[in-house]
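J.: I would like to see how this sequence folds:
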Amino acid sequence: MFEIVCECGSAGCIERFVITNEDYGALRADVHRFAVVPGHERPEIERTIATHSTYLVVEKTDPDAAEAAEEMA
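T.: So this is what the prediction gives:
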């Protein structure tokens, strides 16, 4: 397990949570998926794929957001 910073994309967000190596590897196997703190999801550009006790897995659905995610990979 390790601690990561929320991947919500907000420049000022520094909230952290713990995730297992396996879970993080599985969600990041898809470049459109990110781990965010609950409440930091943005339904206008992404959908929630999974809910965990300390974080959510979101997937970019907006074409521009998805393209940006692909470019960052």
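
J.: C-alpha only now, for contacts and for neighbours.
T.: Fine.

J.: State whether residue 23 is indeed within a helix.
T.: Yes - counting by DSSP: H, G, I helix; E, B strand; the rest coil, residue 23 falls inside a helix.

J.: Could you measure from it over to residue 66?
T.: Residue 23 sits 21 Å away from residue 66, going by Cα to Cα, to the nearest Å.

J.: ok, these two, which is more surrounded?
T.: Between residue 23 and residue 66, counted using other Cα atoms under 10 Å, the more crowded position is residue 66 (18 against 13).

J.: Assumed that one was part of a helix.
T.: Yes - judged by three-state DSSP, residue 66 forms part of a helix.

J.: is it true that it touches residue 30?
T.: No - in this structure, residue 66 is not within contact of residue 30 by Cα atoms under 8 Å, at 10.8 Å.

J.: Bridging across strands, which residues link to residue 33?
T.: Assessed by DSSP bridges, residue 33 has beta-bridge partners residue 59.

J.: Contacts only, for it.
T.: 27, 57, 58, 59, 60 (Cα atoms under 8 Å, 6 or more residues apart in numbering).

J.: How about residue 56?
T.: With Cα under 8 Å, 6+ apart, residue 56 has these contacts: 35, 36, 37, 38, 41, 48, 49, 50.

J.: Please tell me how far it sits from residue 71.
T.: Taking Cα to Cα, one finds residue 56 at 22 Å from residue 71.

J.: pLDDT wise, what is residue 50 at?
T.: The confidence metric pLDDT takes the value 96 at residue 50.
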